[in-house]
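S.K.: From the sequence below, what's the structure:
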Amino acid sequence: MDDTVVKCLRILRLPDNASIDQIETAYQQLKDDMESGSVPWEQLKEIMWARDYLVNHMKKPAGTEPPSQGEPKGPVRSRSEKHREGLTGGSRDTRRPGNYATGGESRKNRLKPWVFGAILVFFLAGSVAYFSGNLMKTMSSRQKEVDTASIIKQIKPGIVTISIQDSTRGSGFVVSKDGYIVTNAHVMQEKAGTAAFADGFRTDVKLVMLDEERDFALLKATTVKDYTFLKVGDSSRCSEGDAVIAAGSPLLLESSFTKGIVSSAKRSFPFLQASLIQTDAAINPGNSGGPLIDHSGEVIGINSLKFSGGKIEGIGFAIAINDVKHHIAAKQAMTDSELTQALDRAEKKGQEVSRWRSEEAMREEKTIKDKLIEEQWERERRRKELLDRVEEANKDLQEKRETAQKRLQDEYDQQRRRLQENAEMRRKALSECLQSANQNYQWTWNQECERQNKQQNCPLSYNAATILEQRLAQSRNECYRLYPQ
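M.R.: Numbers count the residues shown, from 1 in each chain. Purely as a prediction, here's the structure:
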């Protein structure tokens, strides 16, 4: 057995007597193992080469194997044949015209292995690229899933639920090891509150500073310890289509995470002096103040608000982290009076936002009403148009029905008149025929009387009268046959 064949069998993990079906089965199994990750994909080229070599080798007809090392090429000749060749000056050259003098086979046959090798190399290269691409896609998809789970596991210890006077107000996240917490300004209505972590740990927090124009508030945990904190990222690097995770405690459901994409990297509203990131990740009441995380696990925004309505879905907004990053870095505390004034301004800002949203809702409601009225008018117009068409169709149908009925009535009257005329004609013809039969009967009777020298209408003998009456009956029957009624 050829050494190359043995090597190919060992690559495919097959015995020496393997069949073509076993080769194909082993090749498919190894390919599946590569896709599952149990076999390195770098071996794909070697496996495909081994499979193709074995298949081509086993499909060759018998007797076409190349001679092994040490065997003489060409047919084996006896000593007497060699002796005769020496006497005659060598064997007769029986090669056909066009063959090389030293090769024994034509140019066409010598080129076949090179052409086959080029095709095989091209096929192997394409197959490697195809399977490598699919494998990389599968590995990339699995890696993304693992990344999402690992990001959530990484950031979860730094997410908090903020309560004020035992009332849950929103969410927040830790931004430093010493316990500074970021949330929204509209979440904080007091100078102090409570922060609850995912592991059940709770600590009192104090309001350090507040920026109502950017809906930003910075808190400080009173419990001294090393806190797990989230890394602040760069919101200017996010773009439409980037995957993001919104974290927080919506509807009192602590440590909830939703996934979406960046719908718009830069939005603005008249009541805020900050850029907003629009996302379709679900943001609900209670998410306010929570972080918006990018695919690297870094904070790029602070969940702030959403649009809601009967026909509105997936429109949420987060304050871009770059617009408040200077507050996080400075950690500059306000005085008590400054905090009081800031809270008053935040309350007014909240009222302003509420009025703006109410106006937007009213405009939306008006737009919806206008659309409903327009749709109602359009339905009424279509209904009236349909009724007009139906009425016109019924009118045309009625006219056609009346015309058809009149035509049928005229045809019926004409037919009845023709039948009456034919019946009258037959009746007259029958009457004339019967009258003629009677006249003929009377004339024949009188003729018989004259022959007997008697007067007209004389009495005849019984036999003569019977014969005349029979003739009269036959004549009448003939009339009824000719003119039936």
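S.K.: And the helix ranked longest in the chain, what does it pack against?
M.R.: Under DSSP state H, the helix in the chain containing the largest number of residues is helix 336-451. On a contact count with 3 or more Cβ pairs under 8 Å, 6 or more residues apart in numbering; DSSP states H and E, helix 336-451 meets strand 202-211, helix 462-482. Backbone N, C-alpha and C define where each C-beta goes, glycine included.
S.K.: how about JSON lines for the ones you listed, with mean pLDDT and mean neighbour count added?
M.R.: Formatted as JSON lines, the helices and strands packed on helix 336-451 follow (pLDDT from 0 to 100; neighbours: other Cβ atoms under 10 Å):
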{"stretch": "strand 202-211", "mean pLDDT": "96", "mean neighbour count": "19"}
{"stretch": "helix 462-482", "mean pLDDT": "91", "mean neighbour count": "13"}
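S.K.: Next, format those as JSON lines and append distance to Phe257.
M.R.: Listed next are the helices and strands packed on helix 336-451 as JSON lines, based on distance: least, Cβ to Cβ, whole Å:
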{"stretch": "strand 202-211", "distance to Phe257": "21"}
{"stretch": "helix 462-482", "distance to Phe257": "110"}
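S.K.: among these, which is nearest Glu448?
M.R.: Comparing those against Glu448 with Cβ to Cβ, the closest turns out to be helix 462-482 (5.9 Å).
S.K.: if we can go back for a sec, tilt between the longest helix of the chain and helix 462-482?
M.R.: Helix 336-451 runs at 160 degrees relative to helix 462-482, counting by axes from the mean of the first three to the mean of the last three Cα atoms, to 10 degrees.
S.K.: mind checking how far the helix or strand Ser163 falls within is from the chain centre?
M.R.: Using DSSP states H and E, Ser163 sits in strand 159-164. Relative to its parent chain, strand 159-164 has a centroid offset of 42 Å by Cα atoms, centre = their mean, to the nearest Å.
S.K.: cool, stretch 345-361 as well?
M.R.: Centre-to-centre, stretch 345-361 and its host chain are 41 Å apart (Cα atoms, centre = their mean).
S.K.: Contacts for that stretch, please.
M.R.: 185-186, 188-189, 210, 212-213, 215, 269-271, 305, 309 (Cβ atoms under 8 Å, 6 or more residues apart in numbering).
S.K.: ok, back up a step: tell me how far the longest helix of the chain is from the chain's mean position?
M.R.: Averaged C-alpha coordinates place helix 336-451 at 43 Å from its chain's average position (Cα atoms, centre = their mean).
S.K.: Could you give the average pLDDT over that helix?
M.R.: Averaging pLDDT along helix 336-451 gives 88.
S.K.: Hmm, Leu124 is touching Asp52, no?
M.R.: Yes: with contact defined as Cβ atoms under 8 Å, Leu124 counts as touching Asp52 (7.3 Å).
S.K.: Pull the number of nearby residues for Glu448.
M.R.: Look at Glu448: counted by other Cβ atoms under 10 Å, it has 17 neighbours.
S.K.: Also Lys400?
M.R.: Neighbour tally, Lys400, other Cβ under 10 Å: 10.
S.K.: Ile302 now?
M.R.: Neighbours of Ile302 under the rule other Cβ under 10 Å: 33.
S.K.: So what does it have for phi and psi?
M.R.: For Ile302, the backbone dihedrals (degrees, to the nearest 10) come out as phi -120, psi 120.
S.K.: That one bridge partners, please.
M.R.: Bridge pairing for Ile302 (DSSP bridges) gives the partners Pro291, Ile319.
S.K.: got a pLDDT number for it?
M.R.: 96.
S.K.: Please determine how far it is located from Ser171.
M.R.: Going from Ile302 to Ser171 by Cβ to Cβ, to the nearest Å gives 9 Å.
S.K.: what's the overlap in contacts for these two?
M.R.: Both Ile302 and Ser171 are in contact with 183, 289-290, where contact means Cβ under 8 Å, 6+ apart.
S.K.: Would you mind listing the buried residues in stretch 184-199?
M.R.: Neighbour-count burial for stretch 184-199 flags 184-189, 191, 193-198 (criterion: 16 or more other Cβ atoms under 10 Å).
S.K.: which ones among these are found in strands?
M.R.: 193-197 (DSSP state E).
S.K.: Which secondary structure element is home to the residue lying closest to Ala243 once chain neighbours are set aside?
M.R.: In this structure, Ala243 finds its nearest non-sequential neighbour in His295, 5.1 Å apart by Cβ to Cβ, 6 or more residues apart in numbering. Secondary structure from DSSP H and E places His295 outside every helix and strand.
S.K.: if I pick His295, what's in contact with it?
M.R.: 147, 151, 242-244.
S.K.: Please apply the same query to Ile319.
M.R.: Contacts of Ile319 (Cβ under 8 Å, 6+ apart): 184, 214-216, 272, 274-277, 301-302, 304.
S.K.: roughly how far apart are it and Gln278?
M.R.: For Ile319, the distance to Gln278 equals 12 Å [Cβ to Cβ].
S.K.: Kindly report the same for Ser239.
M.R.: Here the criterion is Cβ to Cβ. By it, Ser239 lies 12 Å from Gln278.
S.K.: Arg383 too?
M.R.: Separation of Arg383 from Gln278 (Cβ to Cβ) stands at 41 Å.
S.K.: same question, Glu190
M.R.: Distance of Glu190 to Gln278, given as Cβ to Cβ: 30 Å.
S.K.: and what of Asp226?
M.R.: With the distance defined as Cβ to Cβ, Asp226 ends up 35 Å from Gln278.
S.K.: Kindly report the same for Val160.
M.R.: Relative to Gln278, Val160 is positioned 25 Å away (Cβ to Cβ).
S.K.: The two - which one has more neighbours?
M.R.: Neighbours around Val160 and Gln278, counted as other Cβ under 10 Å, are more numerous at Val160. The numbers are 32 against 20.
S.K.: Identify the residues contacting that one.
M.R.: Contacts of Val160 by Cβ under 8 Å, 6+ apart are 171-174, 181, 195-197.
S.K.: Bridged to it, which residues?
M.R.: Beta-bridge partners recorded for Val160 (DSSP bridges): Gly172, Phe197.
S.K.: Quickly note the distance from the residue nearest to Met334 when sequence neighbours are not counted to Ser304.
M.R.: Distance criterion Cβ to Cβ, 6+ apart; nearest residue to Met334, sequence neighbours excluded, is Met209 at 4.8 Å. Distance, Met209 to Ser304, using Cβ to Cβ: 17 Å.
S.K.: Please apply the same query to Gln165.
M.R.: Using Cβ to Cβ, Gln165 is found at 23 Å from Ser304.
S.K.: Does the residue nearest to Met334 touch Ala333 like I think?
M.R.: Yes: with contact defined as Cβ under 8 Å, Met209 counts as touching Ala333 (6.1 Å).
S.K.: Report the residue ranges of every domain in this protein.
M.R.: 157-334, 362-482 (automatic domain parsing).
S.K.: Mind putting these into TSV with distance to Thr340?
M.R.: Listed next are these as TSV, based on distance: least, Cβ to Cβ, whole Å:
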stretch	distance to Thr340
domain 157-334	8
domain 362-482	33
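S.K.: most tightly surrounded among the ones you listed?
M.R.: Highest mean neighbour count among the domains of the chain (mean count of other Cβ atoms under 10 Å): domain 157-334, with a mean of 19.
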